[in-house]
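In: generate a structure from the sequence data that follows.
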Amino acid sequence: MTLSVALASIELQNPILLAAGTAAYGAELDQVMSLDLLGGLVTKAVSVAPREGAPAPRVAEFAGGMINAVGLANPGMDEVARVHLPWLAANVRKAKVLVNVVGFATEEFGQVVATLDPVGGMHGYELNLSCPNVKAGGLEFGADPAALSAAVKAARSATARPIFVKLSPTLASIETAALAALDAGADGITVINTIPGLVIDVDRRTPALGYGTGGVSGPGLLPVGVLATYKVWKATGGSAPIIGLGGVRGATDVLQYVMAGATAVGIGTAALRDPRVPEAVVAELEAWCSRHSVRALAEVRGSLRWPS
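Out: Presented below is the predicted three-dimensional model:
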C-alpha cells in the first residue's frame with residue numbers, strides 16, 4: 001500500500017500538505033513538527049514588496065472555527081529569495097514546497113515568480129487569486145476572467161514549474177474560474193480559500209479583529225470545500241489535479257476531499273491549534289487504507305457515488 005500521489009509533475013510521498021499561512025516559510029515549524037513526514041507545505045504569501053499586514057488582533061476563535069485578518073503580511077519577494085528559499089532547499093528533503101504568490105496587479109504575479117524561480121527551493125507555485133485587483137477597483141482576480149487569465153499567464157511566462165490557482169468559495173461559478181485558469185496555463189486548482197465573515201465582541205460591541213472582517217476557517221468550512229472540489233472535479237472531467245482544503249481535522253475529512261476529486265489535501269487551522277495533527281492524519285490514512293484493502297489513493301480519488 002502506498003499513500004504517494006502525483007500532483008501534476010510533483011511526486012508527493014503522501015497527500016497531506018500544510019496550507020498557506022500556517023507553515024510560514026518552514027523554519028518556524030522546524031522544531032515543532034517533522035515536515036519531511038508530510039507530503040509538502042505551501043508557504044506563507046509572497047508579494048513584490050514587504051507588507052506589514054492588518055492591525056492586531058489578527059486572529060479570533062469562535063464556536064465554529066477561527067477568523068483571521070493577517071493582511072497578507074510578508075517580508076517581500078527579495079527577502080524570501082535571499083533567506084527563506086535557501087533554508088527550504090537545505091533543510092526540507094522529502095516534503096515538497098509550493099510558494100504561495102499574491103499580487104495586486106496582474107503583472108505582479110509574474111514579477112514574484114520571476115524573482116523566486118531562479119533561486120529554487122520550491123517545486124511549484126500557488127497563486128492566490130482571491131486578492132483584490134487594485135487596478136480594477138478592488139475586484140478579486142478570480143471574479144474577473146480577463147484578470148484571472150492575465151495573472152496566470154504572467155506567472156506561467158516566468159516558470160516551467162507547476163502552477164496551482166487558489167480560488168474563493170464566494171465566486172459565482174468556481175467551475176468557470178477553474179476552467180479559465182487551466183486554459184491560461186495553470187496545472188491545477190486549489191479550493192478553497194476562506195469565507196468572509198465578522199465576529200463581534202459583544203462586551204465591547206466591536207469586531208473581534210483589528211481589521212474588522214476576516215476570513216473564516218475551521219471545521220465549518222469542510223462541506224463547502226468538499227462541494228467546491230467536486231464541482232471542479234466534475235467540470236474538468238477529473239483531468240486536473242486539485243488541492244482541497246478547508247476544515248480538515250482527520251483522515252475522514254481527507255478522504256471526503258479525495259472521494260470528491262482531490263489529489264492532495266491541505267490542513268490549516270487544525271495544524272495551528274495542534275501541530276501534531278498533520279502527522280497523525282498520515283498515520284490514520286495508512287490505517288484506513290489497510291482496513292479497506294486500498295493499495296493506492298488513486299483508487300479512491302473521485303469515487304463518490306450519488307444515490308440513485
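In: hey, where'd the strands end up in the stretch 1-150 of the chain?
Out: Under the criterion DSSP state E, counting those that start in this stretch, strands of the stretch 1-150 of the chain are mapped to 5-7, 10-12, 16-18, 40-42, 59-62, 65-68, 96-101, 124-128.
In: need these in TSV with distance to residue 181, can you?
Out: No exception for glycine: its C-beta is placed from N, CA and C like everyone else's. TSV is the format used below for those (distance: least, CB to CB, whole Å):
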stretch	distance to residue 181
strand 5-7	16
strand 10-12	17
strand 16-18	19
strand 40-42	17
strand 59-62	29
strand 65-68	25
strand 96-101	13
strand 124-128	8
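In: of all these, which one is nearest residue 298?
Out: The closest of the strands of the stretch 1-150 of the chain to residue 298 is strand 5-7. By CB to CB, the value is 7.1 Å.
In: buried set for the closest one?
Out: 5, 7 (16 or more other CB atoms under 10 Å).
In: same thing with stretch 244-253?
Out: Result for stretch 244-253 [16+ other CB under 10 Å]: buried residues 244, 245, 246, 247, 248, 249, 251, 253.
In: chain center to it: distance?
Out: Distance of stretch 244-253 from the chain centroid (CA atoms, centre = their mean, to the nearest Å) equals 13 Å.
In: residues contacting it, please?
Out: With contact meaning CB atoms under 8 Å, 6 or more residues apart in numbering, stretch 244-253 is reached by 17, 19, 65, 169, 190-192, 194, 217-226, 228-229, 254, 257-258, 260-262, 264-270, 277, 280-281, 284-285, 287-288.
In: please list the members of the residues you listed that lie in strands.
Out: 17, 65, 190, 191, 217, 264, 265, 266, 267 (DSSP state E).
In: so among the contacts of stretch 244-253, which ones count as buried?
Out: 17, 19, 65, 169, 190-192, 194, 217-222, 224-226, 228-229, 254, 257-258, 260-262, 264-270, 277, 281, 284-285, 288.
In: what separates the residue nearest to residue 279 when sequence neighbours are not counted from residue 19, distance-wise?
Out: Among residues not flanking residue 279 along the chain, residue 37 sits closest, at 5.3 Å (CB to CB, 6 or more residues apart in numbering). Distance of residue 37 to residue 19, given as CB to CB, to the nearest Å: 16 Å.
In: same check, this time on residue 64
Out: From residue 64 over to residue 19 the distance is 18 Å, taken as CB to CB.
In: which stretches of the stretch 1-150 of the chain form helices?
Out: For the stretch 1-150 of the chain, the helices defined by DSSP state H, counting those that start in this stretch cover 77-79, 85-91, 106-116, 145-156.
In: just the residues contacting the first one, thanks.
Out: In this case it means helix 77-79. By CB under 8 Å, 6+ apart, the list of residues contacting helix 77-79 reads 46, 47, 48, 50, 111, 112, 115, 116.
In: buried ones among the residues you listed?
Out: Among the contacts of helix 77-79, those classed as buried by 16+ other CB under 10 Å are 46, 47, 48, 111, 112, 115, 116.
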